[in-house]
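[1] Sequence and predicted model, in that order:
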Amino acid sequence: MNYLTHQLLNAKETDYIKKELEKENQSWEDGKNTAGSHAAQVKNNLQLKRKSDISKKLSLLIKEKILNNALIKSFTLAKHIHGIMFTKYSKGMSYGSHIDNAYMSSGRADLSFTIFLSEKSQYEGGELLIENLTLEKKFRLERGGLIIYPSTYLHSVKEVLNGERIVCVGWIESYIKSIEEREYLFDLDAGARSLLAKHGRSDELDLIFKSYSNLLRIMGD
């Protein structure tokens, strides 16, 4: 299964986002309003209205954090980060198995991401379940933790049994459409940077970086 988990936000940043969201009691709406016809049948949550001022402000903060992170940049090769929204699950809420739309009004969805904003101790259940042909895996990260995974995977949110689960979700349009090609480039970049850190610059390493850049030109759009 091709995915990346990373601690994106620190405690101060997460607390700030949570406090801002708590001020917006009037700006939450039924999550079905932005779901496709199939997903709407299995979606039961609340989401912050995207056009609200606080949603726009916090979305810019999230986008900046993602774009400025070297590891995420290497893994995603992000061309466009879009559709960011904040969602809330109270007791009894869940989101059944579904696939994200390939093309949204905001852009193409190559990768999906979830940022966990609630303390794990503040709710029970609510695991993100990601499936592929041979494996399914549950994720319930610490607050500020991020998971990025291909939008081609079926996924769901298990029922919240107690408490409240608040997350930020969004999508990434990558310069590289192919999951496999993104993985090859990520491994090549990671290996080259590790060699650079251990041994410094060399003619051989320059050739690796040259090949990486030229492969990106060939594979990218």
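    Okay, I see it.

[2] mind listing what's buried in the lengthiest helix in the chain?
    Across the chain, the longest stretch assigned as helix under DSSP state H is helix 179-199. Of all the residues in helix 179-199, those buried under the rule 16 or more other C-beta atoms under 10 Å are 179, 181-182, 185-186, 188-189, 192-193. Any C-beta I mention is one placed from the backbone N, CA and C, and that applies to glycine too.

[3] now do stretch 116-135
    116-118, 123-130, 132.

[4] Figure out how far it is from the centre of its chain.
    On the basis of C-alpha atoms, centre = their mean, to the nearest Å, stretch 116-135 sits 13 Å off its chain's mean C-alpha point.

[5] where are the low-confidence patches of this structure?
    Residues of the chain meeting the criterion pLDDT under 70: 1.

[6] Name the strands paired with the lengthiest strand in the chain and say parallel or antiparallel.
    Counting by DSSP state E, the longest strand found in the chain is strand 78-89. Here strand 78-89 is paired, per DSSP bridges, with strand 46-48 (antiparallel), strand 165-174 (antiparallel).

[7] check contacts around residue 5.
    Applying C-beta atoms under 8 Å, 6 or more residues apart in numbering, we find residue 5 in contact with 139, 141, 145-147.

[8] Out of the residues you listed, which sit inside helices?
    Checked against DSSP H, those include nothing in helices.

[9] Comparing the strands paired with strand 78-89, which comes out most buried?
    strand 165-174 (a mean of 23; mean count of other C-beta atoms under 10 Å).

[10] picking up where we left off before, would you mind putting the buried residues of helix 179-199 into CSV with distance to residue 50 alongside?
    Shown next, in CSV, are the buried residues of helix 179-199 (distance: C-beta to C-beta, whole Å):
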residue, distance to residue 50
179, 28
181, 31
182, 27
185, 32
186, 30
188, 36
189, 33
192, 39
193, 36
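
[11] on that earlier part again, could you point out the helix or strand that follows the longest helix of the chain?
    Proceeding N to C from helix 179-199, the next assigned helix or strand is helix 203-219, under DSSP states H and E.

[12] Buried ones in that next one, by neighbour count?
    208, 212, 216, 219.

[13] Same question for stretch 143-159.
    For stretch 143-159, by 16+ other C-beta under 10 Å, it's 143-151, 153, 155-159.

[14] now stretch 97-104
    98-101, 104.

[15] can you redo those residues as TSV with distance to residue 34 and secondary structure?
    Below are those laid out as TSV (distance: C-beta to C-beta, whole Å; DSSP: H, G, I helix; E, B strand; the rest coil):
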residue	distance to residue 34	secondary structure
98	13	strand
99	15	coil
100	12	coil
101	10	coil
104	9	strand
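
[16] so which of the residues you listed comes closest to residue 23?
    residue 104 (27.7 Å; C-beta to C-beta).

[17] need the contact list for the residue nearest to the closest one when sequence neighbours are not counted.
    In space, residue 104 comes closest to residue 83 once its chain neighbours are excluded; the distance is 5.6 Å by C-beta to C-beta, 6 or more residues apart in numbering. Residue 83 makes contact with 104, 106-107, 109, 169-171 under the criterion C-beta under 8 Å, 6+ apart.

[18] Next: residue 168.
    17, 58, 62, 84-87, 114-115, 117.

[19] same thing with residue 172?
    Here residue 172 is in contact with 66, 76, 78-82, 109-113, 148 (criterion: C-beta under 8 Å, 6+ apart).

[20] The residue positioned nearest the centre of the chain pairs with what?
    In the chain, the residue lying closest to the centroid (C-alpha atoms, centre = their mean) is residue 113, at 1.2 Å. When assigned by DSSP bridges, residue 113 has beta-bridge partners residue 148, residue 170.
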